[in-house]
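> sharing a model prediction with you, sequence too.
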Amino acid sequence: MNFNTTLAQRVQLRTHEYETFITVLLVVSIYFSTTIAIVVSALLGVVWLLSTQFIELPGTLKRNPVAAWALLLLAWFIFGSCYTSATNNDAFSMIMKYRELLFIPVLISFLTTERYRSWVWKAFFITSVLALLVSYLMYFDILDLNGQGDPCFKGRITHSIFISFFAFFCAHKAYNQQRYAKLYLILFVLSLYNLFFVVPGRTGQLIIVALVLLFAMQRFGNKERLLSVIAVALLVALFFNFSDKASRINEGIANTQAYLKPVPEQTESSMGLRFTFWKYSIKLIAEKPLFGHGTGSFSKEYKRLVPDERFKSTNPHNEFFMIGVQLGLVGLFIYSGFLGSQFYYAKKLPDKEKWLAQGLLLSLIITSIFNSPILDHTEGHWFATMIALCFSPLQAKNTSLISHA
């Protein structure tokens with residue numbers, strides 16, 4: 001009997017190690033290869049089923065409401081396919097684009113111990129450093145790895161989201177005065193420079209400004225908070241007025257001002273198109289406010305309302321509108337519940353996880369305003385993985401002592 005028990009424990013331990021190893025592979029692949037990320041995410045699902053972890057799903061959802069809200073949103077997308085105006089193929093395709101919501105409870109069930117979480121945090125750290133290093137090597141023409149025109153492996157928006165959160169992570173590690181505090185401080189500075197002068201993605205720039213202010217609120221007293229706000233305001237003002245790298249932000253402000261005139265101008269600019277997408281998305285939501293037009297219906301309904309080819313779109317570049325058009329106010333309520341659960345339960349985490357979870361939530365909210373991060377493959381997988389990593393301590397029985405890379 002003891003032998004059988006010991007054998008079962010060894011098998012379970014080995015299974016958890018394999019699950020964590022695959023999670024580490026997922027983190028790495030998200031940064032560098034969409035194809036590999038798809039394969040690894042499928043492998044995660046297979047391992048989850050073969051290890052019978054799905055039996056524990058009700059318990060995971062009960063202990064971790066963040067996972068419950070994520071799964072509820074995915075379930076509502078599936079329900080939305082029952083009344084959609086889209087074809088079955090379009091509805092199924094949309095459900096698959098939101099499948100990473102399932103990864104949140106799956107990964108949470110894998111990351112049940114401090115040891116396993118530590119492995120994934122180390123993978124996040126190493127991969128982020130590599131992404132930053134590759135960006136600089138491309139910037140100095142030492143490497144030429146893509147044809148997008150920006151010195152980063154992924155797109156400008158995606159890269160800026162990753163690096164802005166990594167800078168926030170490094171700021172906390174440096175402030176903790178750990179053994180490698182100077183290294184984290186250097187990485188923080190390199191990340192800031194990368195965001196504003198190497199790969200100037202407006203989304204990432206807005207996120208890092210918000211995260212720096214959040215960091216001040218989390219770690220400083222009132223006097224230091226005020227000084228931080230003044231310092232950030234001065235640095236942003238200097239950047240706007242004296243750096244040629246601020247051209248995209250200035251362009252966005254000019255586009256917004258032109259669009260908000262009594263007779264909108266520059267409607268085909270980057271921000272002008274976004275405002276156009278949002279305006280018609282609101283009209284589509286107003287047509288069917290409660291349940292929306294159904295899963296996968298955005299493209300068809302938007303084309304019906306806006307036949308002008310200049311303004312065609314399959315994505316409103318706003319997660320709230322993307323969900324609202326398809327699933328109505330009910331869908332928006334569920335997505336808001338998903339965000340709200342992160343806000344509420346982050347406060348129940350130990351300080352280190354709480355601070356990072358709050359920064360991740362702020363990043364997700366800002367990204368959701370200007371993009372569709374859950375819909376988009378890379379951002380969706382990244383946010384799902386990081387949310388699971390930050391909130392997995394809720395799954396553990398003892399969360400009093402938690403540390404990571």
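Done, it's in. What you see is a predicted model; the values in this text were computed from it and never measured.

> contact partners for Glu56?
Contacts for Glu56 were tallied using CB atoms under 8 Å, 6 or more residues apart in numbering; they are Ser109. The way it works is simple: take the backbone N, C-alpha and C, and place the C-beta from them, glycine included.

> tell me which helix or strand of this protein sits lowest on mean pLDDT?
Every helix and strand of the chain was ranked by mean pLDDT, DSSP states H and E. The lowest is helix 247-259, at a mean of 67.

> buried ones in the helix or strand that that one is followed by?
Next helix or strand after helix 247-259 toward the C-terminus (DSSP states H and E): helix 270-287. Residues 271-278, 280-281, 284-285 are the ones in helix 270-287 that count as buried (16 or more other CB atoms under 10 Å).

> with only the CA atoms kept, save helix 270-287 in PDB.
Extracted C-alpha coordinates of helix 270-287, given in PDB (Å, rounded to 0.1, in the frame of the first residue of the first chain):
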ATOM      1  CA  SER A 270      -4.600  56.000 -37.400                       C
ATOM      2  CA  MET A 271      -6.600  57.600 -34.600                       C
ATOM      3  CA  GLY A 272      -9.300  58.900 -37.000                       C
ATOM      4  CA  LEU A 273     -10.000  55.300 -38.100                       C
ATOM      5  CA  ARG A 274     -10.200  54.100 -34.500                       C
ATOM      6  CA  PHE A 275     -12.700  56.800 -33.700                       C
ATOM      7  CA  THR A 276     -14.700  55.800 -36.800                       C
ATOM      8  CA  PHE A 277     -14.700  52.200 -35.700                       C
ATOM      9  CA  TRP A 278     -15.800  53.100 -32.200                       C
ATOM     10  CA  LYS A 279     -18.600  55.400 -33.400                       C
ATOM     11  CA  TYR A 280     -20.200  52.700 -35.600                       C
ATOM     12  CA  SER A 281     -19.500  50.000 -32.900                       C
ATOM     13  CA  ILE A 282     -21.700  52.100 -30.500                       C
ATOM     14  CA  LYS A 283     -24.400  52.200 -33.200                       C
ATOM     15  CA  LEU A 284     -24.200  48.400 -33.600                       C
ATOM     16  CA  ILE A 285     -24.500  47.900 -29.900                       C
ATOM     17  CA  ALA A 286     -27.500  50.200 -29.800                       C
ATOM     18  CA  GLU A 287     -29.300  48.000 -32.400                       C
END
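
> tell me what it is packed against?
Applying 3 or more CB pairs under 8 Å, 6 or more residues apart in numbering; DSSP states H and E, one finds that helix 270-287 contacts helix 247-259, helix 298-305, helix 319-346.
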